[in-house]
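Novice: Fold the following, please.
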Amino acid sequence: MVAELGAAEGRRFFPRYYPKTLLGMPVLGAELPCGLSSRRLAGVAGGLRKRGIRRFLTTPAMRGIALPGLSPVDPLPLLWAKGDELALALLEGAPLRERRIVLRGEKADILACRLALALCPQVGMLLLDFDRGEEELRALLWGEQGAAVLALGTGFAPQVSIELSPRPTAVGKVLKLWGEPGLAGLTLSSELSMPPDCDPLPLLTLAWEAGRISLSGIKVRKSLDRSGENQYNTQ
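Specialist: This is a model prediction of the structure:
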(Lines give C-alpha, C1' and ligand atoms only; values in the text may rest on other atoms or scores of the structure.)
Protein backbone atom coordinates (compact mmCIF):
# COMPACT_ATOMS: atom_id res chain seq x y z
CA MET A 1 0.00 0.00 0.00
CA VAL A 2 0.99 3.62 -0.53
CA ALA A 3 0.61 6.45 1.98
CA GLU A 4 -0.36 10.03 1.19
CA LEU A 5 1.43 12.47 3.47
CA GLY A 6 -0.23 15.74 4.39
CA ALA A 7 0.33 18.48 6.94
CA ALA A 8 -1.81 18.34 10.08
CA GLU A 9 -3.85 21.40 10.90
CA GLY A 10 -3.59 23.19 14.20
CA ARG A 11 -1.22 22.09 16.95
CA ARG A 12 -1.52 18.36 16.56
CA PHE A 13 1.50 16.69 18.17
CA PHE A 14 1.09 13.11 16.98
CA PRO A 15 0.58 11.83 13.41
CA ARG A 16 -2.93 10.75 12.43
CA TYR A 17 -3.48 7.77 10.12
CA TYR A 18 -6.71 6.92 8.33
CA PRO A 19 -7.84 4.95 5.25
CA LYS A 20 -8.88 6.88 2.16
CA THR A 21 -9.15 6.45 -1.60
CA LEU A 22 -7.47 8.38 -4.41
CA LEU A 23 -8.82 7.84 -7.93
CA GLY A 24 -10.51 4.70 -6.62
CA MET A 25 -7.26 3.33 -5.16
CA PRO A 26 -6.97 2.57 -1.44
CA VAL A 27 -4.19 4.51 0.29
CA LEU A 28 -3.29 5.34 3.85
CA GLY A 29 -3.74 8.99 4.72
CA ALA A 30 -1.11 10.32 7.09
CA GLU A 31 -1.37 13.78 8.62
CA LEU A 32 1.97 14.78 10.10
CA PRO A 33 2.72 17.68 12.47
CA CYS A 34 4.87 20.38 10.93
CA GLY A 35 8.51 20.72 11.84
CA LEU A 36 9.18 17.13 12.88
CA SER A 37 12.79 16.41 13.82
CA SER A 38 14.79 13.79 11.95
CA ARG A 39 14.38 11.45 14.93
CA ARG A 40 10.61 11.78 14.88
CA LEU A 41 10.52 11.40 11.09
CA ALA A 42 12.44 8.14 11.52
CA GLY A 43 9.76 7.05 14.00
CA VAL A 44 7.00 7.95 11.55
CA ALA A 45 8.79 5.98 8.84
CA GLY A 46 9.06 2.96 11.11
CA GLY A 47 5.36 3.13 11.94
CA LEU A 48 4.45 3.32 8.26
CA ARG A 49 6.66 0.37 7.40
CA LYS A 50 4.92 -1.69 10.08
CA ARG A 51 1.65 -0.88 8.30
CA GLY A 52 3.07 -2.29 5.07
CA ILE A 53 3.88 1.08 3.52
CA ARG A 54 6.92 1.24 1.27
CA ARG A 55 6.12 4.26 -0.93
CA PHE A 56 4.35 7.55 -0.41
CA LEU A 57 2.69 10.44 -2.17
CA THR A 58 2.79 13.97 -0.81
CA THR A 59 0.59 17.00 -0.84
CA PRO A 60 2.46 20.15 -1.96
CA ALA A 61 2.95 21.18 1.69
CA MET A 62 4.98 18.02 2.32
CA ARG A 63 6.98 18.00 -0.92
CA GLY A 64 10.62 17.12 -0.36
CA ILE A 65 10.08 15.24 2.90
CA ALA A 66 12.44 12.30 3.50
CA LEU A 67 11.37 9.18 5.40
CA PRO A 68 14.08 6.55 6.03
CA GLY A 69 13.33 3.24 4.30
CA LEU A 70 10.45 4.67 2.26
CA SER A 71 10.48 6.09 -1.26
CA PRO A 72 8.25 8.64 -2.96
CA VAL A 73 6.27 7.36 -5.93
CA ASP A 74 8.69 7.83 -8.83
CA PRO A 75 7.20 9.29 -12.03
CA LEU A 76 10.22 8.35 -14.16
CA PRO A 77 8.86 4.97 -15.40
CA LEU A 78 5.78 6.75 -16.76
CA LEU A 79 7.91 9.51 -18.30
CA TRP A 80 10.17 6.91 -19.93
CA ALA A 81 7.10 5.21 -21.41
CA LYS A 82 5.96 8.58 -22.83
CA GLY A 83 9.45 9.80 -23.71
CA ASP A 84 9.05 9.74 -27.50
CA GLU A 85 5.73 11.60 -27.29
CA LEU A 86 7.21 14.20 -24.94
CA ALA A 87 10.15 14.83 -27.25
CA LEU A 88 7.95 15.13 -30.34
CA ALA A 89 5.65 17.55 -28.52
CA LEU A 90 8.62 19.90 -28.17
CA LEU A 91 8.85 19.88 -31.98
CA GLU A 92 5.16 20.53 -32.55
CA GLY A 93 4.59 22.09 -35.95
CA ALA A 94 7.99 21.14 -37.38
CA PRO A 95 7.87 19.08 -40.59
CA LEU A 96 9.07 15.52 -40.13
CA ARG A 97 12.21 16.07 -42.24
CA GLU A 98 13.25 19.02 -40.07
CA ARG A 99 12.86 17.28 -36.70
CA ARG A 100 16.21 16.59 -35.05
CA ILE A 101 16.49 14.81 -31.70
CA VAL A 102 19.50 13.51 -29.82
CA LEU A 103 19.37 10.65 -27.31
CA ARG A 104 21.98 11.09 -24.57
CA GLY A 105 23.22 9.18 -21.55
CA GLU A 106 25.96 7.09 -20.01
CA LYS A 107 24.88 3.77 -21.57
CA ALA A 108 22.71 2.89 -24.54
CA ASP A 109 20.52 0.43 -22.64
CA ILE A 110 17.11 -1.13 -23.28
CA LEU A 111 15.33 2.15 -22.60
CA ALA A 112 17.53 3.97 -25.11
CA CYS A 113 16.86 1.25 -27.69
CA ARG A 114 13.11 1.48 -27.20
CA LEU A 115 13.09 5.25 -27.55
CA ALA A 116 15.39 5.18 -30.57
CA LEU A 117 13.23 2.61 -32.38
CA ALA A 118 10.09 4.65 -31.64
CA LEU A 119 11.61 7.96 -32.72
CA CYS A 120 13.44 6.93 -35.91
CA PRO A 121 10.35 6.86 -38.18
CA GLN A 122 9.10 10.16 -36.75
CA VAL A 123 12.13 12.41 -37.15
CA GLY A 124 14.34 13.58 -39.97
CA MET A 125 17.51 13.04 -37.97
CA LEU A 126 18.22 11.04 -34.83
CA LEU A 127 21.58 11.51 -33.16
CA LEU A 128 23.25 9.57 -30.36
CA ASP A 129 25.51 10.65 -27.50
CA PHE A 130 26.35 7.73 -25.20
CA ASP A 131 29.54 6.81 -23.37
CA ARG A 132 28.92 3.09 -23.90
CA GLY A 133 26.85 0.98 -26.26
CA GLU A 134 26.44 3.62 -28.96
CA GLU A 135 27.88 1.51 -31.77
CA GLU A 136 25.65 -1.44 -30.88
CA LEU A 137 22.57 0.79 -30.88
CA ARG A 138 23.56 2.31 -34.20
CA ALA A 139 23.91 -1.18 -35.69
CA LEU A 140 20.50 -2.18 -34.29
CA LEU A 141 18.80 0.82 -35.87
CA TRP A 142 20.45 0.11 -39.21
CA GLY A 143 19.42 -3.53 -39.09
CA GLU A 144 15.85 -2.95 -37.86
CA GLN A 145 14.91 0.21 -39.74
CA GLY A 146 17.68 0.94 -42.23
CA ALA A 147 18.36 4.17 -40.36
CA ALA A 148 21.81 5.75 -40.54
CA VAL A 149 22.08 7.37 -37.13
CA LEU A 150 24.75 10.02 -36.51
CA ALA A 151 26.80 10.88 -33.46
CA LEU A 152 26.20 14.20 -31.72
CA GLY A 153 28.40 16.85 -33.33
CA THR A 154 27.88 15.60 -36.88
CA GLY A 155 25.18 17.05 -39.10
CA PHE A 156 22.84 19.81 -37.99
CA ALA A 157 22.41 20.58 -34.30
CA PRO A 158 19.37 18.92 -32.70
CA GLN A 159 16.49 21.02 -31.47
CA VAL A 160 15.66 18.58 -28.63
CA SER A 161 17.77 16.32 -26.44
CA ILE A 162 16.48 13.45 -24.34
CA GLU A 163 18.77 12.99 -21.34
CA LEU A 164 18.60 9.54 -19.75
CA SER A 165 21.46 10.25 -17.34
CA PRO A 166 23.65 13.29 -16.54
CA ARG A 167 25.46 15.04 -19.40
CA PRO A 168 28.12 17.74 -19.03
CA THR A 169 26.45 20.33 -21.25
CA ALA A 170 22.91 21.05 -22.42
CA VAL A 171 21.91 20.72 -26.08
CA GLY A 172 18.72 22.29 -27.42
CA LYS A 173 15.54 21.92 -25.42
CA VAL A 174 16.35 19.40 -22.72
CA LEU A 175 13.94 16.63 -21.76
CA LYS A 176 15.51 15.43 -18.51
CA LEU A 177 14.46 11.87 -17.75
CA TRP A 178 16.73 11.09 -14.80
CA GLY A 179 16.83 12.15 -11.17
CA GLU A 180 14.33 14.96 -10.68
CA PRO A 181 12.73 15.11 -14.12
CA GLY A 182 12.49 18.26 -16.21
CA LEU A 183 9.93 18.42 -18.99
CA ALA A 184 10.78 21.76 -20.63
CA GLY A 185 7.32 23.22 -20.09
CA LEU A 186 5.34 20.04 -20.78
CA THR A 187 3.24 17.92 -18.46
CA LEU A 188 1.05 14.82 -18.59
CA SER A 189 -2.70 14.84 -18.11
CA SER A 190 -5.69 12.52 -18.34
CA GLU A 191 -9.45 12.51 -17.99
CA LEU A 192 -9.12 11.37 -14.39
CA SER A 193 -10.35 13.96 -11.89
CA MET A 194 -7.29 14.79 -9.82
CA PRO A 195 -7.74 15.85 -6.19
CA PRO A 196 -6.87 19.54 -5.82
CA ASP A 197 -4.26 19.07 -3.08
CA CYS A 198 -1.86 16.62 -4.69
CA ASP A 199 1.22 16.36 -6.86
CA PRO A 200 -0.54 15.18 -10.03
CA LEU A 201 2.30 13.41 -11.84
CA PRO A 202 3.17 10.88 -9.08
CA LEU A 203 -0.54 10.22 -8.56
CA LEU A 204 -1.04 9.72 -12.31
CA THR A 205 1.93 7.34 -12.25
CA LEU A 206 0.33 5.35 -9.45
CA ALA A 207 -2.97 5.17 -11.36
CA TRP A 208 -1.11 3.91 -14.44
CA GLU A 209 0.73 1.27 -12.40
CA ALA A 210 -2.55 0.12 -10.87
CA GLY A 211 -4.27 -0.16 -14.26
CA ARG A 212 -6.68 2.67 -13.53
CA ILE A 213 -5.67 4.31 -16.81
CA SER A 214 -3.90 3.08 -19.92
CA LEU A 215 -0.81 4.65 -21.41
CA SER A 216 -2.85 5.86 -24.38
CA GLY A 217 -5.22 7.61 -21.98
CA ILE A 218 -2.40 9.81 -20.73
CA LYS A 219 -1.81 12.86 -22.90
CA VAL A 220 1.13 15.21 -23.32
CA ARG A 221 0.28 18.90 -23.12
CA LYS A 222 1.93 22.21 -22.43
CA SER A 223 1.90 23.08 -18.78
CA LEU A 224 -0.48 25.81 -17.67
CA ASP A 225 1.35 26.22 -14.37
CA ARG A 226 4.13 28.73 -14.99
CA SER A 227 3.92 30.52 -11.63
CA GLY A 228 5.74 28.09 -9.38
CA GLU A 229 7.58 26.25 -12.19
CA ASN A 230 7.08 22.94 -10.42
CA GLN A 231 9.71 20.26 -10.66
CA TYR A 232 7.94 18.13 -13.22
CA ASN A 233 7.14 20.84 -15.75
CA THR A 234 10.49 22.51 -16.36
CA GLN A 235 14.05 21.63 -17.16
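Novice: need the contact list for residue 171.
Specialist: Taking C-beta atoms under 8 Å, 6 or more residues apart in numbering, we find residue 171 in contact with 102, 104, 129, 152, 157, 158, 161. No exception for glycine: its C-beta is placed from N, CA and C like everyone else's.
Novice: Confirm the second one sits in a helix?
Specialist: Right, the one you point to is residue 104. No - read with DSSP: H, G, I helix; E, B strand; the rest coil, residue 104 is strand and lies in no helix.
Novice: Neighbours of it, how many?
Specialist: Residues lying near residue 104 (other C-beta atoms under 10 Å) number 26.
Novice: how many neighbours does the residue nearest to it when sequence neighbours are not counted have?
Specialist: Leaving aside its chain neighbours, residue 104 sits nearest to residue 129 (4.2 Å; criterion: C-beta to C-beta, 6 or more residues apart in numbering). Residues within reach of residue 129, counting by other C-beta under 10 Å, total 19.
Novice: I'd like to know which elements the helix or strand harbouring residue 129 is packed against.
Specialist: Residue 129 is located in strand 125-132, with elements delineated by DSSP states H and E. Secondary-structure packing of strand 125-132 (3 or more C-beta pairs under 8 Å, 6 or more residues apart in numbering; DSSP states H and E): strand 100-107, helix 110-119, helix 134-145, strand 150-151.
Novice: my read: residue 115 touches residue 84, true?
Specialist: Yes - counting by C-beta atoms under 8 Å, residue 115 touches residue 84, with 5.7 Å between them.
Novice: What about residue 134, how many residues nearby?
Specialist: 19.
Novice: Do you know the pLDDT at it?
Specialist: Residue 134 is assigned a pLDDT of 94 by the prediction.
Novice: residue ranges with poor pLDDT in this structure?
Specialist: Residues of the chain that meet the criterion pLDDT under 70 lie in 10, 12, 224-235.
Novice: bridging residues for the closest residue to residue 167 other than its chain neighbours?
Specialist: In this structure, residue 167 finds its nearest non-sequential neighbour in residue 104, 5.0 Å apart by C-beta to C-beta, 6+ apart. Beta bridges link residue 104 to residue 129, residue 163 when assigned by DSSP bridges.
Novice: you'd agree residue 157 is up against residue 150?
Specialist: No - look at residue 157 against residue 150 with C-beta under 8 Å: they stay out of range, at 11.3 Å.
Novice: re the thing from before, return the residues in contact with the residue nearest to residue 167.
Specialist: Residue 104 touches 128, 129, 130, 152, 161, 162, 163, 164, 165, 167, 171, counting by C-beta under 8 Å, 6+ apart.
Novice: quick one, what contacts the third one?
Specialist: Under the criterion of C-beta under 8 Å, 6+ apart, the contact partners of residue 130 comprise 103, 104, 105, 106, 107, 108, 112, 137.
Novice: ok, now the fifth one?
Specialist: For residue 161, the contacting residues are 101, 102, 103, 104, 129, 167, 170, 171, 172, 173, 174, 175, by C-beta under 8 Å, 6+ apart.
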